[in-house]
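**Student:** coordinates for the following, if possible.
(2 chains)
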Amino acid sequence: QKEVEQNSGPLSVPEGAIASLNCTYSDRVSQSFFWYRQYSGKSPELIMSIYSNGDKEDGRFTAQLNKASQYVSLLIRDSQPSDSATYLCAVNDYKLSFGAGTTVTVRA
Amino acid sequence: DAMVIQNPRYQVTQFGKPVTLSCSQTLNHNVMYWYQQKSSQAPKLLFHYYDKDFNNEADTPDNFQSRRPNTSFCFLDIRSPGLGDAAMYLCATSERGDNEQFFGPGTRLTVL
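**Tutor:** Residues are numbered from 1 along each chain as shown, chains lettered A, B, ... in the order given. Next comes the predicted model:
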């Protein structure tokens, strides 16, 4: 049974700060890792995918993957109020296993 | 734009009255998924199709069925909805199954 654990929230950060989200997973053979953003009442939206060790940057978002430590993280730089949402870490081995999500609130 | 479409967006049904939710995609992806998501919980996979091959999760109730008549469409049938089936139902697609999944907007099901 795959397990995906996310740091417990909620996480509150001031506007302009960095929000740091962490995720660990149990299945060593997992190869695909994703971060989804979900606004209240909406469906999950893919914001980052990462397959190789290291960092991947896309605009204000940076995903970091360390397969040896079974750890994946998401940094949101220059946080904006529109970043307030629940962020879901997901690990894929032909089926997505989701973490419970971390709710982020960006204070204006 | 290529996308995943779900209809209806909101569905109200009565206890025990069958309901069908639909999903269509213009992405031409091989894999289609149905998830159930309840408030403050992560999405829970119900089943998926890899092309025409149906894969049921072990803990998906028998009350839930699915059909995929062609590549573009997939349906979720709930034969006798109970109050506990009220949830957001999410359809997702993936090109190969081991890469990104893209979600539709969801159908919010209310059971009275």
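**Student:** number of nearby residues for B:W34?
**Tutor:** Close neighbours of B:W34, defined as other CB atoms under 10 Å in any protein chain shown, add up to 24. Just so you know, the C-beta spots here come from the backbone N, C-alpha and C atoms, and that holds for glycine as well.
**Student:** so it versus B:Q41, what's the distance?
**Tutor:** When distances are taken as CB to CB, to the nearest Å, B:W34 and B:Q41 turn out to be 16 Å apart.
**Student:** helix or strand for the closest residue to B:I5 other than its chain neighbours, which one?
**Tutor:** Spatial nearest neighbour of B:I5, chain neighbours left out: B:S24 (4.9 Å); criterion: CB to CB, 6 or more residues apart in numbering or on different chains. Here B:S24 sits within strand B:19-25, counting by DSSP states H and E.
**Student:** touching that strand from outside, list them.
**Tutor:** Counting by CB atoms under 8 Å, 6 or more residues apart in numbering or on different chains, strand B:19-25 makes contact with B:2-8, B:11, B:13, B:32, B:34, B:72-78, B:81, B:89, B:91, B:93, B:104, B:107, B:109, all of which sit outside it.
**Student:** in strands only, show me those.
**Tutor:** Of the positions in these, B:4-7, B:11, B:13, B:32, B:34, B:73-78, B:89, B:91, B:93, B:107, B:109 sit in strands, assigned by DSSP state E.
**Student:** buried subset of these, written for PyMOL?
**Tutor:** Listed next is the PyMOL selection for buried residues among these, using 16 or more other CB atoms under 10 Å in any protein chain shown:
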select buried, chain B and resi 4+6+11+13+32+34+74+75+76+78+89+91+93+107+109
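**Student:** give me the most central residue, chain B.
**Tutor:** The structure's chain B has its C-alpha centroid closest to B:W34; by CA atoms, centre = their mean the separation is 3.1 Å.
**Student:** for chain A, what lies in contact range of chain B?
**Tutor:** A:31-32, A:34, A:36, A:41-46, A:49, A:88, A:90, A:92-96, A:98-101 (CB under 8 Å from any CB of the partner chain).
**Student:** try it again at 10 Å.
**Tutor:** Applying CB under 10 Å from any CB of the partner chain, one finds that chain A approaches chain B through A:4, A:6, A:31-32, A:34, A:36, A:38, A:40-46, A:48-49, A:51, A:86, A:88-90, A:92-101, A:103.
**Student:** from those residues, list the buried ones, please.
**Tutor:** A:4, A:6, A:32, A:34, A:36, A:38, A:43-44, A:46, A:48-49, A:86, A:88-90, A:92, A:95-99, A:101, A:103.
**Student:** all strands of chain A, in order?
**Tutor:** Counting by DSSP E, residue ranges of the strands within chain A are A:4-6, A:11-14, A:19-25, A:32-38, A:45-50, A:54-58, A:61-66, A:71-76, A:85-92, A:96-98, A:102-107.
**Student:** can you give me the offset of the fourth one from its chain's centre?
**Tutor:** This points to strand A:32-38. 6 Å (CA atoms, centre = their mean, to the nearest Å).
**Student:** per-residue confidence for the residue in chain A positioned nearest to chain B?
**Tutor:** Proximity to chain B, evaluated over chain A using CB to the nearest CB, is greatest for A:F98 at 3.8 Å. For A:F98, the model assigns a pLDDT of 94.
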